[in-house]
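Undergrad: I'll drop the sequence and a predicted model, then ask my questions.
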Protein chains: 2
Amino acid sequence: MTPYRLDQLDLDRQLRNQAVLMRQPEAHLRRLIETSGRLEQFSVRAAGMLLDYSRQRLDEQTRALLFAIEERLSLRERFGRMCAGAMLNKTEQRAVLHTAARAFSDDPLRVDDQDVMPEIRRVRDQIKTFSKRVHNGEITGSTGKPFQHVVVIGIGGSYLGTEFVSTALAAYADKKISLHFLANVDIHNFGAVAAAIDPETTLWVVISKSYTTAETAANANQAEHFMRARGLDPMRHTVTVTSKGSPGDDPEHGALQTFHMFDFIGGRYSVTSAVGGVPLSLLLGYERFEAFLKGAREMDLHALNAPVDQNLPLIAALISVWNTTYLGYQQQAIIPYASPLAKLAPHIQQLNMESNGKGADIQGQLLPQPAGTVIFGEPGTNAQHSFFQLAHQGRPFPIDFIGVRTPQYNQYTARSKGVTNHQELWANLLAQARALAIGQENSADRARHFDGNRPSSTLVLEDLGPENIGRLLSFYEARTVYEGFIWGINSFDQFGVELGKKVADTLRDHMARKNDDPEHAFNGVDTISKAYLEMLFGEVND
Amino acid sequence: MTPYRLDQLDLDRQLRNQAVLMRQPEAHLRRLIETSGRLEQFSVRAAGMLLDYSRQRLDEQTRALLFAIEERLSLRERFGRMCAGAMLNKTEQRAVLHTAARAFSDDPLRVDDQDVMPEIRRVRDQIKTFSKRVHNGEITGSTGKPFQHVVVIGIGGSYLGTEFVSTALAAYADKKISLHFLANVDIHNFGAVAAAIDPETTLWVVISKSYTTAETAANANQAEHFMRARGLDPMRHTVTVTSKGSPGDDPEHGALQTFHMFDFIGGRYSVTSAVGGVPLSLLLGYERFEAFLKGAREMDLHALNAPVDQNLPLIAALISVWNTTYLGYQQQAIIPYASPLAKLAPHIQQLNMESNGKGADIQGQLLPQPAGTVIFGEPGTNAQHSFFQLAHQGRPFPIDFIGVRTPQYNQYTARSKGVTNHQELWANLLAQARALAIGQENSADRARHFDGNRPSSTLVLEDLGPENIGRLLSFYEARTVYEGFIWGINSFDQFGVELGKKVADTLRDHMARKNDDPEHAFNGVDTISKAYLEMLFGEVND
């Protein structure tokens, strides 16, 4: 059998041995970073980004072992097969082609002997035309007023990527459109959105591949009632983003327009498809959305073509596996020193944890240990004043620091302590990465003792323009995919969410019956859930 | 020596043995929750809340051992000493009196022989008067217009608690005030706030205990330049919340008013002091802020007085320690099924990780293992569509589910699949807690196999009014304090953030010198940081 998981390779044993060595005092980061040429040798500049991994807990020997994984597990070859349309999502018998969403060449790309590129181009053209017509006032609401609010109804992969990108590029939102998100079925979400919009000038973008997602269906239903109650024609205020043939694609359904999703692009990888394309083009203009795609494309090609020692997302994936599997860190933080990236961590949290939080491998074998890591993060310097106490003195975890050379705002240049705010921000980023690595011995006052040896990488972007946001997105997507290849899992299914849905279906059914019949007694419901249902329906005095 | 840490007790060994037993198949949650009367026996209703811990991995024997910790470590007695003004923050020689901020009795409370209550009451009265005068237009900006925007300049403990409470109670914000936060020194934050406000109708609330926090000073400086550039008098547009005698308390400094902070209330515990009081009273009215305080007060008294088997935060703390120290979970998620609680997890992330992420104990001994856990979370059902894949099939972690019986909005009642949105939300909460616990065996299709045995608690609030937000806040504060008592650490200092500050001071100084002198060569800076400084100052071609 050809090995397809790292733990099937002899390299696994060698890496375990290496991890023992790297726990010795002489391998403390304090020492590693002082070796000559450390930064030059442990950093890569490519695709418009710098990845500095000089403060990761690895030496040349460790790195050589990690880099050897690439060939032994044919990582880039598998990435290439993914981009070429192979059925990498085996459990669902689907190709994995989010990279095609940002391809601009005329080369055909066949899935089941059919070239998918014409459809992808067609949807992009539809988005371009539609957003322009909204911006120039050709398309209006049913009372003739131009659209000024866009509400995205979608959850998970139909929400978090767009939230990340729209937050990152908010400074470029010059189309007089306010973007709102209605993800949670929680009525508080609907209430807050309803209070913030002007119904006459609101366009609702309903996003669901199957068009059966419970939350999205419930919110779309609320929106429809809301519009009708205000004398508006829902058909004139709604577009859908969904699969061909889904209930939301039905012309009877009545939407201004439908933009197609494809089953070869998974939800959490879909922000470069119509899922992100429609709202982001409305917010920013199609040209900026296309620039974002082109940045992502550049990083895709880099991830595919660059040799392992130059390959940013592949190196990042190998480090992630090293930290998780061999050094035993169970969580990773993403700390952008850039407020516009405030929603990067929640997006990557979904992308990575849903992709790689798996218990079985790609062949259907249970893994010896469940895969995946907990991803969390907040922007710096905020995080320094929140949970960095734990990072420095409590349980350690690896960190991705992200810095940006040129900020989106340059008109506020007042200095404090001799530096601009942007310089202050950088001083902190650099100081944290260093302090975490070196620590500070204090045997007299243990409350002021720092072990150090806390690993981090630093990613540097030139600016926060659409291209770089695209590169950053693709970097984390490719990193996630490569991690999955190394762990030998399917990063593209999510059967782990099904059991909860099934149990919810049963409980919802009981609630619906109770709504219709006050005598309904919840028979068959487990005793704990039943007690809650009785509480919710007011049958218990408390 | 009197034991002051759990691992000094014989109970520690017994709990370790118990953890081995609880890992056996017969102790699987699937079985535990089926025992008769499980919910009644493993839940407590008090102080307006229900804590259901029936789906935690503990049986009666485990619980008895955990409850025995209370007496052995005098936990409630220590909590009582805290509330009475003892110097529990030993490293900083300070009392710990956030509970006094919500005390309303006339009983004196002495610190260093001085009754602190008159000052606390005086500040509350000042907040009440000031907010009323802003609301009725007596206090205006320098051009005579009433205030409509409040910008809170503050970071960490001067920010996250207020963000949590103001988000939770946004539905009650009827004073025609928009609240903005300027925490990060990142100029993107300032730029975004500047773009969102009307300078003439903006009041800036500068919050810093020492008034020397670098981020807050830099942002206050930007704000002052911003106002002057628009012909406004900064003095008429600024209030400060700071310690008596700090630079921000200087009458020369020039603010409309100063509200005092006290060194016996730590930043992350300060939202019930003037830190939260000033902005929250401006946003919601002082009466609602006081209702919030009274809810917190009720939970404080419960945490102090209720016997261990009835004590919500104490039980939650014991479970947290059980999960972390004995079952080995390194992270905990907080998943409120209530969008208004979206900022609860970021606040508790700070509160808990900064309090308990420690390497040394209260006596200055290094701990055998660093303390603390990673706290993260997003509202449900959003989280289900994000990282719950990992929760179900990847690396497990304990979860606090939070449910609310009555939502803030009740005008949107359209049903989908026979249920309201609020019912759909509850069906999901109940389903997740159950599915995580029971799992589902599938030996034929391992991608659809669920181990189960994932622990969770469920907290239920009656509604999201100010009182319950106060109770919830105090619940997590008291839980954090009790955890710290059990681990034997000082939950009130944060020396772990000092090393990074010190390194940043050096780097900032080099940047300032470079700003003044282009020839400055960064001599003495470590080689990695130096390379970054050269990059930032454009000395490297790349």
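TA: Nice, thanks for sending it over.
Undergrad: residue boundaries of the strands in chain A?
TA: Taking DSSP state E as the criterion, chain A contains strands spanning A:43-46, A:49-52, A:110-111, A:114-115, A:149-153, A:178-182, A:202-207, A:238-243, A:257-261, A:331-336, A:374-376, A:399-406, A:456-463.
Undergrad: Which of those sits closest to chain B?
TA: strand A:374-376 (4.0 Å; CB to the nearest CB). Where you see a C-beta, it was placed from the backbone N, CA and C, and this is true even at glycine.
Undergrad: now what about the closest one, what contacts it?
TA: Identification of contacts with strand A:374-376 by CB atoms under 8 Å, 6 or more residues apart in numbering or on different chains yields A:330-334, A:345, A:348-349, A:352-353, B:331, B:349, B:374, B:376, B:387, B:390, B:395, B:397.
Undergrad: Stretch A:52-61 now?
TA: Contact with stretch A:52-61 is made by A:18, A:21-22, A:27, A:29, A:32-33, A:38-39, A:41-43, A:66, A:315-316, A:319, A:322-323, A:327, A:398, A:433-434, A:436-437, A:453, A:455-460, B:528, as judged by CB under 8 Å, 6+ apart.
Undergrad: Next to chain B, which bits of the stretch 51-200 of chain A? Give me the list.
TA: Neighbours of chain B within the stretch 51-200 of chain A, by CB under 8 Å from any CB of the partner chain: A:52, A:54-55, A:91, A:155-157, A:159-160, A:170-171, A:183-192, A:194.
Undergrad: sorry, back to before: mind putting the strands of chain A into CSV with mean neighbour count?
TA: CSV is the format used below for the strands of chain A (neighbours: other CB atoms under 10 Å in any protein chain shown):
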stretch, mean neighbour count
strand A:43-46, 16
strand A:49-52, 22
strand A:110-111, 15
strand A:114-115, 12
strand A:149-153, 26
strand A:178-182, 20
strand A:202-207, 27
strand A:238-243, 26
strand A:257-261, 22
strand A:331-336, 25
strand A:374-376, 27
strand A:399-406, 21
strand A:456-463, 21
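Undergrad: As TSV, those strands with distance to A:Glu224 would be great.
TA: Shown next, in TSV, are these (distance: least, CB to CB, whole Å):
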stretch	distance to A:Glu224
strand A:43-46	48
strand A:49-52	44
strand A:110-111	35
strand A:114-115	35
strand A:149-153	11
strand A:178-182	13
strand A:202-207	9
strand A:238-243	8
strand A:257-261	16
strand A:331-336	38
strand A:374-376	36
strand A:399-406	41
strand A:456-463	41
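Undergrad: contacting residues around the spatially closest residue to A:Glu477 that is not a sequence neighbour?
TA: Nearest non-adjacent residue to A:Glu477, counting by CB to CB, 6 or more residues apart in numbering or on different chains: A:Tyr269, 6.0 Å away. A:Tyr269 makes contact with A:Val96, A:His98, A:Gly157, A:Leu351, A:Glu477, A:Phe492 under the criterion CB under 8 Å, 6+ apart.
Undergrad: So the second one sits against A:Ile265, correct?
TA: What it means is A:His98. Yes: in terms of CB atoms under 8 Å, A:His98 counts as a neighbour of A:Ile265; the distance is 4.9 Å.
Undergrad: For those two, list the residues in contact with both.
TA: Residues touching both A:His98 and A:Ile265 (CB under 8 Å, 6+ apart) are A:Ser273.
Undergrad: Enumerate the positions of the longest helix seen in chain A that are buried.
TA: Assignment by DSSP state H gives helix A:466-487 as the longest helix of chain A. Of all the residues in helix A:466-487, those buried under the rule 16 or more other CB atoms under 10 Å in any protein chain shown are A:466-487.
Undergrad: what are the C-alpha coordinates of it, in CSV please?
TA: This file holds the C-alpha atoms of helix A:466-487, laid out as CSV (Å, rounded to 0.1, in the frame of the first residue of the first chain):
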residue,chain,number,x,y,z
PRO,A,466,-7.7,43.4,-2.4
GLU,A,467,-4.9,41.4,-3.9
ASN,A,468,-3.2,40.8,-0.6
ILE,A,469,-6.4,39.8,1.0
GLY,A,470,-6.8,37.3,-1.8
ARG,A,471,-3.2,36.0,-1.2
LEU,A,472,-3.8,35.7,2.5
LEU,A,473,-7.0,33.8,2.0
SER,A,474,-5.4,31.4,-0.4
PHE,A,475,-2.4,31.0,1.9
TYR,A,476,-4.6,29.7,4.7
GLU,A,477,-6.7,27.6,2.4
ALA,A,478,-3.6,25.9,0.9
ARG,A,479,-2.1,25.5,4.3
THR,A,480,-5.3,23.8,5.5
VAL,A,481,-5.3,21.5,2.4
TYR,A,482,-1.7,20.5,2.9
GLU,A,483,-2.2,19.8,6.6
GLY,A,484,-5.0,17.4,5.6
PHE,A,485,-2.8,15.7,3.0
ILE,A,486,-0.1,15.1,5.7
TRP,A,487,-2.6,13.8,8.2
